[in-house]
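Colleague: Provided below are the primary sequence and the corresponding predicted coordinates.
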Amino acid sequence: MATGNLTYRMQRDIHSNQLDELVVMLNTTAEKMELLVSQLGYINPHYTYQSLVQTTIILDKNSTIKSFSTEVPALLGYTPDKLLKLSFNEILAKQSMPLWEIIKAEALADAKANATVQFFFTTASRHLIPSFCTVSRLMYSNKILVTSITTILEDMVNLNNEYSPIKTKNESETLTIQKLHAYILSHLDEPLPTLKELAAMFASEEHKLKIGFRKHFNTSVYNYYHLERLKKSHLLIQQTSILLKEIAFMCGFTAYLNFYKAFKNHFGYAPSDLSRPSE
């Protein structure tokens, strides 16, 4: 539910009255939100993958960005050369400015100053990214070091570009596409049924599912399913030590060779080229 999956319902707990009351309240809230979204005619995409991004930014005494780790441009949506020309203030949200001024003054006044605070960064596309940062001075220098480890939703920076909300007057169609979307994301480890079978499952028609899904997600049902499987596999490879063959099966591929070819064709490199946690 927290990731936006309003079709999900929690199982009730008959052994605890307090917990069961909370479950009922959450399920009711999700149901009302799902109904409201569908009445407005919008699809509500949700994202099930999370990843950790570690960043480092080096600033001079005037808060100008002088250097950064390779992850920063991708996270904030800037090209490296553009990022180098910016002031740190330009990538901070307004609500973080007062706190930054205090922390910056302390860091410039005391070489041993060290603070851990939460900043909100603003991406090039004006999205907000909350991040807990450590601010300190570099040894034998007046430069300021800002480091952070940020938990982000997969493709968070590109939400508006990839899945722009499209309003439709057909509430039942919107609700059907929403349920189909949720079904795909929760069954990535299984072969996707045919359009005819999916239409029967959701009491719809093949052409309505096909046209409706493409209208809202700018791609076909099967291409979306295929890409989401590859995204899931990419994250599992990076953040777990599960064997590559097992990851392939977990993401719905019946043969490793098929997974290998699809992965390399999409990402441009082999699954084995990614760094694993054990490395």
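Modeller: Done, it's in. Numbers count the residues shown, from 1 in each chain.
Colleague: helix, strand, or coil at Met10?
Modeller: coil (DSSP: H, G, I helix; E, B strand; the rest coil).
Colleague: ok, it to Phe249 distance?
Modeller: With distances taken as Cβ to Cβ, to the nearest Å, Met10 is found 28 Å from Phe249. Glycine gets a C-beta too; all of them are placed from N, C-alpha and C.
Colleague: cool, Ala105 as well?
Modeller: 55 Å.
Colleague: ok, Leu230 next?
Modeller: In terms of Cβ to Cβ, Leu230 sits 14 Å off from Phe249.
Colleague: which one's more surrounded, the two?
Modeller: Leu230 (19 against 15; other Cβ atoms under 10 Å).
Colleague: in the chain, which helix is the longest?
Modeller: For the chain, the helix with the greatest residue count under DSSP state H is helix 17-40.
Colleague: packing partners of that one?
Modeller: helix 171-186 (3 or more Cβ pairs under 8 Å, 6 or more residues apart in numbering; DSSP states H and E).
Colleague: domain boundaries for this structure, per the record?
Modeller: 17-48+159-218, 50-153, 224-273 (automatic domain parsing).
Colleague: confirm Ser148 sits in a helix?
Modeller: No: per three-state DSSP, Ser148 lies outside any helix segment and is strand.
Colleague: so what's the residue count around it?
Modeller: There are 23 residues near Ser148, going by other Cβ under 10 Å.
Colleague: what bridges to Ile129?
Modeller: Phe121 (DSSP bridges).
Colleague: isn't it right up against Gln118?
Modeller: No: between Ile129 and Gln118 there is no contact under Cβ atoms under 8 Å: 11.1 Å.
Colleague: tell me which of the two has more neighbours.
Modeller: Between Ile129 and Gln118, counted using other Cβ under 10 Å, Ile129 has the larger neighbour count: 21 against 11.
Colleague: rank the domains of the chain by mean pLDDT and give me the bottom one.
Modeller: Here the lowest mean pLDDT among the domains of the chain goes to domain 17-48+159-218, at a mean of 77.
Colleague: please compute how far that one lies from its chain's middle.
Modeller: Centroid separation for domain 17-48+159-218 versus its chain: 18 Å, with Cα atoms, centre = their mean, to the nearest Å.
Colleague: go on, stretch 268-279?
Modeller: That offset, for stretch 268-279, works out to 20 Å (Cα atoms, centre = their mean).
Colleague: buried sites along it?
Modeller: Across stretch 268-279, burial judged by 16 or more other Cβ atoms under 10 Å covers Pro271.
Colleague: does the spatially closest residue to Leu274 that is not a sequence neighbour belong to a helix, a strand or coil?
Modeller: In this structure, Leu274 finds its nearest non-sequential neighbour in Ile237, 4.9 Å apart by Cβ to Cβ, 6 or more residues apart in numbering. Under three-state DSSP, the three-state class of Ile237 is helix.
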